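Engineer: can you look at this prediction? I've put the sequence above it.
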Amino acid sequence: MLGIKTLKEHLAILPDDLATLIETFAQISMDMQTNFPKYLSGVENEPNKYGEAVAKLDAWANKTLCDNLLQTGLVRKIYSEELQTPVEGREDAPFVITLDPLDGSSNITTNNAFGIILGIYRSDFPQKGRDLVAAAYKLYGPVNTLVYTTGKGVHEFVKHYYEDGAVRFLLLHENMKLPIKPEVFGVGGKPMQWSGNFREFAKNLFKEKKMRPRYCGTFVADFSQVLHRGGFFSYPSTEGAPDGKLRLAYECAPLSFICENAGGASWDGRSGSILDVQIEDADARIPLYLGNKEVIEELKKTQGN
């Protein structure tokens, strides 16, 4: 594998503190996989802050990530979907983190793809997704990949085993851009609860644009299809969930940051980019629409924007 950059080498141009934090996240996410089978069964005694049952795997993943990231001494505070309140680190540490510690964990029992979503800020909330210093996601699939951006290009790395048993992330794609021709789309929620205008738009993606439907229930996996093949992903406003299902801080802002840095666009269904929405409450939900710019622009026109 001579001549192929490792993640550590690729991060060398960044400030040392940011490079260390991203590399630590990558290493933790690699190491975690060997322990997943131990926590596949059972739920915690207490529900999470949303009133949902917490699988033992979610709880273990959250604790593992938080403990290891705090140990770097670089994290001032961690907001996580699995934490009732943010966990505090060193007061003088440079970064604030948002974490979806196991995105799509319900897919694990059926052995489908799932992942982790990370957002890194210099300041605490309230602020906007546009203020992200970096965003990354780890995708556990047929191969294990890591995608990150610091606002200057989107880069993908693949987990590789060396002959001596060492494991590293090696550069797979640098400065990724969504393909010009959109090929796939995925939409969450129940179609009969979508607005009539949005349902018609989604139908035309299939009928008129000949895009292929792809939806697996793991945001990072569905987004990764759009990143590699071009297209559209949404969890829209519905009758039952007018504010959508996905959470602005943990899921929507980090992946919109990656999407826009790969030449795509995001929309909140109301005023503009997801990245321009002020995050007042880390647990707030928001309708999400992202993908190729021209697809998002067409969507806005059909929705009266």
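Structural biologist: Arrived safely.

Engineer: ok so A59 is a helix residue?
Structural biologist: Yes. Counting by DSSP: H, G, I helix; E, B strand; the rest coil, A59 is found in a helix.

Engineer: from M176, how far out is it?
Structural biologist: According to CB to CB, to the nearest Å, A59 and M176 sit 33 Å apart. Placement of C-beta: from N, CA and C, glycine included.

Engineer: isn't D17 right up against F95?
Structural biologist: Yes. Contact criterion CB atoms under 8 Å: D17 and F95 qualify, at 7.4 Å.

Engineer: give me the common contacts of these two.
Structural biologist: L74 (CB atoms under 8 Å, 6 or more residues apart in numbering).

Engineer: out of those two, which sits in the busier spot?
Structural biologist: Higher neighbour count among D17 and F95: F95, with 21 against 15, using other CB atoms under 10 Å.

Engineer: just the pLDDT for the more buried one.
Structural biologist: pLDDT, F95: 98.

Engineer: show me what contacts it?
Structural biologist: 17-18, 21, 74-76, 120-122, 133 are the contacts of F95 under CB under 8 Å, 6+ apart.

Engineer: dump the residue contacts of the closest residue to H173 other than its chain neighbours.
Structural biologist: Excluding its sequence neighbours, the residue lying closest to H173 (CB to CB, 6 or more residues apart in numbering) is E156, at 4.3 Å. Each residue near E156 by CB under 8 Å, 6+ apart is listed here: 145-147, 171-173, 176.

Engineer: low-scoring stretches of this protein, by residue?
Structural biologist: Applying pLDDT under 70 to the chain flags the ranges 1-3, 42-54, 304-305.

Engineer: how would you label the residue sitting nearest the centre point of it: helix, strand or coil?
Structural biologist: What sits nearest the mean C-alpha location of the chain, by CA atoms, centre = their mean, is I117, with 4.0 Å. Secondary structure for I117, judged by three-state DSSP, is strand.

Engineer: enumerate every residue touching the closest residue to it other than its chain neighbours.
Structural biologist: What sits nearest to I117 in space, not counting adjacent residues and going by CB to CB, 6+ apart, is D100, at 4.0 Å. By CB under 8 Å, 6+ apart, the residues touching D100 are 80-81, 116-117, 247, 250-251.

Engineer: swap the cut-off to 7 Å and go again
Structural biologist: Neighbouring residues of D100 by CB atoms under 7 Å, 6 or more residues apart in numbering: 81, 116-117, 250-251.

Engineer: could you measure from H173 over to F198?
Structural biologist: Separation of H173 from F198 (CB to CB): 32 Å.

Engineer: now do the helices in the stretch 1-150 of the chain.
Structural biologist: With DSSP state H, counting those that start in this stretch as the criterion, the stretch 1-150 of the chain has helices at 7-10, 16-32, 56-71.

Engineer: pretty sure the residue nearest to the centre of the chain contacts A221?
Structural biologist: No. Here I117 lies out of contact with A221, judged by CB atoms under 7 Å, at a distance of 11.5 Å.

Engineer: re earlier: wasn't the residue nearest to H173 part of a strand?
Structural biologist: Yes. Applying three-state DSSP, one finds E156 inside a strand.
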